[in-house]
Every structure is written in C-alpha cells, then in structure tokens.
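# Below is the structure, and that's it, no one-letter string:
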Ligand code: UTP
C-alpha cells in the first residue's frame, strides 16, 4: 500500500535565476498554478494523500501555499474571485502535508534520504515537481506506476526515450522488456556521455521506491558532480533484487529548463485555460 509521496524540493534552481533567488523553483506557475500543486494533484490522482516535502532555505512559500490564507480569503469571500481558490482549498482538505529540511544540498539521493523521517519503513512515491506530466486521455503517470508496483512489488522508475544528444542530462537505464513498456533494469548510469550511455531510455522525475533504498543511500558515496545520486542507489538495489523501468503514457515537460517551461506554459494555456 503506497500512502505517501515525497517531493524533493530543496534544489537551488539555478537555471531560473534570478527568478529563483528568493522564490522556490517549485512555486513557478504554469499559467496560474505552481508546479508543486500539479505534482500534489498527480499524487492525489494515484490515491496518495500524505505529501512529504523536503525543502531547504528560502522555501517557506511552499508551506504557505498549502495552508489557509485568512486575510486573502476574507477579502475575496463572496466575490467571483473566490472560485480561483476552489482547487487549492480542496487539496488542502483532502491531503496532509509534512515538511523536513535538507540542510546541505548534496544531491537528489541525499534529499530523498533526508525525507526518511517523514516516510518510515513503507514503499513510497517520489515526484520531482519540475517534471510536469500530463496525460489528459488517461491515467496520470503516477497512477500508472502504482499499478506496475502493485503487480511486481519492487522499485519502479518512469522512463522515456530521448535523443542520444540529450542523454547527458539524465539517469539512463538498460534492461530487458518483460512486458509491454516494462523493463527489468540491468544497468543505470547518471548523466552519461553519448558514447557511454547504455541506451536512450532516460529516467524522469517519477519513482516508486521500496524503503530499503534508505539503507542503500546511507552507504552510497558521492557520485557524478560530487552529489549523492539516486541512480547509484537504484543500481545497487538492482544488484540486490529487482528494479523496473516503466515507459509511461503521456507527455513530460522538463520545467526545470527554460525551454520546457515555456513549452508547458504554451500548451497548458491552449489546452486548459
Ligand atoms: P535539479 O537537478 O533540477 O537541480 O534537481 P536544481 O538545483 O533543482 O536546479 P538547477 O539545475 O540548479 O537549475 C532535481 C530535483 O532534485 C531536487 C530539486 O529540488 C529538483 O526537484 N534536489 C536536488 C534536492 O531536493 N536537493 C538537492 O540537493 C538536489
């Protein structure tokens, strides 16, 4: 049973400076909704109601966003503007939010390990809110992954095919396809050069992890860029047991980059506004 979703949201977001100097990247809006709210909605669509958020310095806006703003709500009460708050109010009512801080930014693996205190010893989902996933014709990406987890009961990472010239930005897997779109991972490399990449199947910001990952992360030395990499820990988990990669249905926007952010903004404006 997966009941919690972890949101590592402690990164500096340097690609969006100066916008992210005093504001978390996860609060950047696609049209009028912050990235992290899309992430919480996706978790809820997979029937996950406990949100565990790993923040860092200067990220207080995230906590304020998932809280009531009495002054503002009083001000617009009874006016047509109240409808703008319907969605966020409903999220606050349905979900619980808990927070912990990553004290030093030592990478995604380290951020996930910092979340252990909020997760405990149970399988959990991870959403990187700067990867925005959209699948209007069907189930959300996390809901699809949950089904894969329920069938196989091991860690599952979401993957998509990228151009070979882009592999250096991602964790890249190789493996045997054991069912349609489901690969048993046999290798995983973080941000490889084109010639070192085991395939063009790139891991995106959605994971379901079994809790033994925490012990593995504790033992994982710093890897690429001197950061503790979730990719290295997953490869270790792979050697000890099994990790699956799932080629999801839907579209992912890399909203951690300016190009992906603008593309998502244009598409969401056209589709949903
Ligand atoms: P990114 O690689 O996008 O790094 O992190 P970043 O710092 O957010 O952004 P840039 O590259 O400087 O522009 C991927 C995800 O991992 C989280 C980030 O918040 C983001 O969701 N992260 C990364 C942490 O929580 N802690 C870290 O130490 C590193």
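Received, thanks. A quick note: this is a predicted structure, and the numbers were derived from the prediction, not measured. Numbers count the residues shown, from 1 in each chain.
# For the stretch 101-250 of the chain, just list every one of the helices.
In the stretch 101-250 of the chain, the segments counted as helices under DSSP state H, counting those that start in this stretch are 108-114, 116-119, 141-152, 213-219, 230-240.
# Kindly report the residues of this structure close to the ligand.
8-15, 25, 54, 102, 105-108, 110-111, 128, 130, 256 (CB under 6 Å from any ligand atom). Heads up, the C-betas are built off the backbone N, CA and C, glycines and all.
# Just the ones of these in strands?
Cross-referencing the residues of the chain next to the ligand against strands under DSSP state E gives 8, 54.
# what are the ranges of the strands in this protein?
4-8, 29-30, 33-34, 50-55, 96-101, 124-127, 131-134, 155-161, 171-179, 182-190, 201-209, 243-247, 251-254.
# How about the contacts made by residue 47?
Applying CB atoms under 8 Å, 6 or more residues apart in numbering to residue 47 gives the contacts 143, 146.
# Please repeat the previous calculation with a cut-off of 7 Å.
Contact analysis of residue 47 by CB atoms under 7 Å, 6 or more residues apart in numbering lists nothing.
# Kindly report the same for residue 265.
30-31.
# And it, how close does it get to the ligand?
Separation of residue 265 from the ligand (CB to the nearest ligand atom, to the nearest Å) stands at 17 Å.
# Next: residue 89.
25 Å.
# returning to what we had before: out of the helices of the stretch 101-250 of the chain, deepest packed?
For those, the largest average neighbour count (mean count of other CB atoms under 10 Å) is found in helix 108-114, namely a mean of 24.
# Need the contact partners of that one.
Contacts for helix 108-114 (CB under 7 Å, 6+ apart): 6, 8, 10, 54, 100, 102, 126, 214, 217-218, 220, 228-230, 232-233.
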